[in-house]
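[1] sequence-free structure coming up:
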């Protein structure tokens, strides 16, 4: 905001030599309130040249684009279905990638992730399409968590020395990360909300790796028991 300040002088010479402050253009039909509105000279200088007109159009388009992004990507609370939906869309490569992987368009996908669209939720078949596209059951995992259930991706295919080693390494890795997060969180003698959320995520990952190893061992025992019975 531009304001004109009247500065008093200490001598008649300075008062007579000082140039009057230029008056700022005002909005039509309104008294001056210190605001600034570009005058006719400003508009004409831009509109009289092709480059100026292009600059104005680009500027207006950019403003609209920024306002749209801010509206669509409004702040979300942790643990909401909108957050899980937004994470799923992001895992598919954003709005464009998700739109290419399911039956709905870009604007509808943006509404699904918008916390202000209280009656717009992603249909189950679209969730299934997008989770298959990115290979991550993000929304399904969120829904399971709301029911105090942890999803576990079951192993497929035959086991080998390499798969056993990978499973054991996964368990050790996730356990170490979980323990490290907990140690860092308790370093100051307290566990705040954000720290608890991070530790919970690491704990869930550790449980998944353990459950996968358990399923591999169960199948291995079942296969050997069936072979011995024959």
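    Everything's here; your move. Since this is a predicted model, take the numbers as computed values, not measurements.
[2] Listing request: residues of this protein with sub-threshold pLDDT.
    1-78 (pLDDT under 70).
[3] burial measure for residue 220, as a count.
    Residues contacting residue 220 under the criterion other CB atoms under 10 Å number 13. C-beta here means a position set from N, CA and C on the backbone, and glycine is covered the same way.
[4] what about the helices in this structure?
    Under the criterion DSSP state H, the chain contains helices at 12-17, 40-47, 50-72, 81-91, 94-99, 106-112, 124-134, 138-146, 161-185, 193-229.
[5] Go through the fifth one and flag the buried ones.
    Applying a neighbour-count criterion of 16 or more other CB atoms under 10 Å, the buried positions in helix 94-99 are 95, 98-99.
[6] Between those, which sits nearest residue 131?
    Closest approach to residue 131 among the buried residues of helix 94-99 (CB to CB): residue 98, at 10.9 Å.
[7] now the closest one: how far from residue 200?
    Going from residue 98 to residue 200 by CB to CB, to the nearest Å gives 27 Å.
[8] ok, now residue 229?
    With distances taken as CB to CB, residue 229 is found 43 Å from residue 200.
[9] neighbour count winner among the two?
    residue 200 (13 against 6).
[10] Please list all residues in contact with the more buried one.
    If you count contacts by CB atoms under 8 Å, 6 or more residues apart in numbering, residue 200 has none.
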